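In: everything below, folded, please.
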Amino acid sequence: MVSRVITPFERRKDVHTDSASFSGLNLTKRPRRNRRADWSRRLVREVELTANDLIWPLFVVDGVHDVEVNAMPGVIRRTVENAVREAEKAAALDIPAIALFPNTDPALRDETGSEAHNSRNLICRATRAIKAAVPEIGIITDVALDPYTSHGHDGLVRDGVVLNDESVAALVEQAINQAAAGADVIAPSDMMDGRVAAIRAALDREGFHDVQIMAYAAKYASAFYGPFRDAVGSNTTLKGDKRTYQMDPANGDEALREVALDLEEGADMVMVKPGMPYLDVVYRVKENFRVPTFAYQVSGEYAMIEGAARQGWIDGDKAMMESLIAFKRAGADGVLSYFAPRVAERLRQARA
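Out: Residues are numbered from 1 along each chain as shown. The predicted structure follows:
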């Protein structure tokens with residue numbers, strides 16, 4: 001004979017079936033009340049994502065034709081003319097700023113990255129064209145030599161060693177070149193020691209007192225950069241790796257020391273890169289320093305979400321929005337994201 005299991009509610013005949021009297025539950029406190037309706041969820045929402053939180057990274061290419069980035073579905077390298085149109089689109093969507101990155105002709109790359117100092121290089125021409133057409137949008141330019149060097153490193157190399165001080169001197173010249181072209185924000189991403197102080201001093205000396213510095217203060221030697229290197233054309237040129245100057249992914253305390261140094265040297269804003277794998281670092285930076293803190297949702301993060309969405313494995317729009325909300329929840333004041341125009345458009349539609 002099979003015995004039947006007696007439930008707790010059958011044992012206690014005095015227990016009523018109304019939920020408020022369930023044994024062992026304190027149902028005077030019901031967090032679900034605040035989740036019950038859309039208006040209530042919106043009312044108690046802790047962070048809000050707006051177009052003001054977005055920076056749109058744009059890749060620029062020479063020539064008369066746009067070129068798709070194979071490793072980043074939906075992302076396109078734009079000609080200078082079409083980059084202007086994209087900047088106009090960004091402004092119309094209330095995106096505050098764009099970040100420009102060049103795909104430099106391999107014929108112009110050399111050991112010292114000399115094309116970075118050419119006042120007519122791709123980034124300088126794009127910056128001038130965009131500023132002339134869309135003066136109200138902020139332009140952030142990347143300071144690092146990897147898009148210009150034949151070896152793919154962010155600094156100068158001698159006997160297989162990435163040099164620090166000599167690289168800083170080259171980066172300073174690059175920063176002044178970009179500021180003269182009209183860049184609003186100089187963003188050194190190279191991770192050389194002392195480069196923020198040197199760039200700030202040079203900008204001030206040349207009269208660019210109002211040009212801001214957004215330091216890639218905590219930039220990790222990450223596996224998530226691969227599609228970006230495809231986009232700027234350094235994936236085939238990089239010799240070795242960047243672990244002697246970009247940070248070890250295992251380190252968090254070191255990120256705080258790097259941020260402290262960059263702020264002391266004159267950075268106006270700081271960045272953590274990559275983004276989602278380092279949300280703990282974003283949180284710690286914001287909590288410790290209370291300064292404008294940004295995160296870069298890098299190419300690998302974008303490619304994973306967009307690639308999975310195109311396979312039908314996830315809801316791409318929902319994953320896109322959720323990922324950006326996560327940055328805000330961690331404390332980021334803004335996010336560099338290739339999703340920026342899509343997010344801004346979706347936010348606009350939600351307000352309509």
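In: in the helix or strand in which Ala201 is found, what's buried?
Out: In this structure, Ala201 is located in helix 195-205 according to DSSP states H and E. Of the residues in helix 195-205, those buried by neighbour count under the rule 16 or more other Cβ atoms under 10 Å are Arg195, Val196, Ala197, Ala198, Ile199, Arg200, Ala202, Leu203. Every residue, glycine included, has its C-beta placed from N, CA and C.
In: ok, stretch 66-80 next?
Out: If you call a residue buried by 16+ other Cβ under 10 Å, then stretch 66-80 has these buried ones: Val69, Ala71, Met72, Val75, Ile76, Arg77, Arg78, Thr79, Val80.
In: those residues: which two are farthest apart?
Out: Ala71 and Val80 (22.7 Å; Cβ to Cβ).
In: which residues does Asn82 contact?
Out: By Cβ atoms under 8 Å, 6 or more residues apart in numbering, the contact list for Asn82 reads Asp66.
In: 10 Å - rerun?
Out: Asn82 makes contact with Leu58, Val60, Val61, Val64, His65, Asp66, Ile76 under the criterion Cβ atoms under 10 Å, 6 or more residues apart in numbering.
In: ok, for Gln246, nearest residue in space, not its chain neighbours?
Out: Nearest-residue entry for Gln246: Ala221, 3.8 Å, with adjacent residues in sequence omitted and distances by Cβ to Cβ, 6 or more residues apart in numbering.
In: isn't the one you found right up against Lys242?
Out: Yes - at 5.3 Å, Ala221 counts as touching Lys242 under the criterion of Cβ atoms under 10 Å.
In: the two: who's more crowded?
Out: Each of Ala221 and Lys242 has its neighbours counted (other Cβ atoms under 10 Å); Lys242 has more, 21 against 15.
In: was I right about the more buried one contacting Met192?
Out: No - with contacts defined as Cβ under 10 Å, Lys242 does not count as touching Met192, sitting 11.4 Å away.
In: packing partners of the helix holding Ala201?
Out: Helices and strands in packing contact with helix 195-205 are listed as strand 138-143, helix 165-181, strand 185-188, strand 212-219, helix 253-264; criterion 3 or more Cβ pairs under 10 Å, 6 or more residues apart in numbering; DSSP states H and E.
In: quick one: buried residues of the second one?
Out: It stands for helix 165-181. Buried residues in helix 165-181, defined by neighbour count with 16+ other Cβ under 10 Å: 167-168, 170-172, 174-181.
In: so how far is it from its chain's centroid?
Out: A distance of 22 Å separates the centroid of the chain from that of helix 165-181, by Cα atoms, centre = their mean, to the nearest Å.
In: and for the shortest one?
Out: Between the mean C-alpha location of strand 185-188 and the chain-wide mean there is a distance of 13 Å, by Cα atoms, centre = their mean.
In: any chance you could map the helices in the stretch 51-200 of the chain?
Out: Taking DSSP state H, counting those that start in this stretch as the test, the helices found in the stretch 51-200 of the chain are 80-92, 122-133, 165-181, 195-205.
In: nearest to Ser40, of those?
Out: helix 80-92 (32.8 Å).
In: what's the angle from that closest one to helix 122-133?
Out: 50 degrees (axes from the mean of the first three to the mean of the last three Cα atoms, to 10 degrees).
In: could you list the low-pLDDT ranges of this structure?
Out: For the chain, the stretches with pLDDT under 70 are 1-24.
In: can you map out the strands along it?
Out: Secondary structure of the chain, counting by DSSP state E: strands at 54-61, 67-68, 76-77, 97-103, 138-143, 157-158, 161-162, 185-188, 212-219, 269-273, 293-297, 334-337.
In: what bridges to the one residue sitting closest to the centre of the chain?
Out: When the chain is reduced to its mean C-alpha position, the closest residue under Cα atoms, centre = their mean turns out to be Tyr296, at 1.5 Å. Here Tyr296 sits in beta bridges with Leu336, going by DSSP bridges.
In: distance check, it against Ala187.
Out: To Ala187, Tyr296 is 10 Å away according to Cβ to Cβ, to the nearest Å.
In: ok so, going back, identify the contacts common to Ala221 and Lys242.
Out: Looking at what touches both Ala221 and Lys242 (by Cβ under 10 Å, 6+ apart), the common residues are Met191.
In: Val134 is in contact with Ala91, correct?
Out: Yes - at 5.1 Å, Ala91 and Val134 qualify as touching, with contact defined as Cβ under 10 Å.
In: what touches both of those two?
Out: Listed as contacting both Ala91 and Val134 by Cβ under 10 Å, 6+ apart are Ile98.
In: what's the nearest residue to Met276 if we skip its chain neighbours?
Out: Distances taken as Cβ to Cβ, 6+ apart place Glu301 nearest to Met276, at 5.6 Å, with adjacent residues excluded.
In: hmm, back to that, possible to save the buried residues of stretch 66-80 as CSV with distance to Ser234?
Out: Putting the buried residues of stretch 66-80 into CSV (distance: Cβ to Cβ, whole Å) gives the following:
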residue, distance to Ser234
Val69, 13
Ala71, 13
Met72, 14
Val75, 16
Ile76, 18
Arg77, 13
Arg78, 18
Thr79, 20
Val80, 20
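In: ok, those vs Met276, which is closest?
Out: Nearest member of the buried residues of stretch 66-80 to Met276, counting by Cβ to Cβ, is Met72, at 16.2 Å.
In: phi and psi next, for the closest residue to Ser222 other than its chain neighbours.
Out: The shortest distance from Ser222 to any residue other than its chain neighbours is 5.1 Å, reached at Pro274 (Cβ to Cβ, 6+ apart). Backbone torsions for Pro274, taken as degrees, to the nearest 10, come to phi -70, psi -170.
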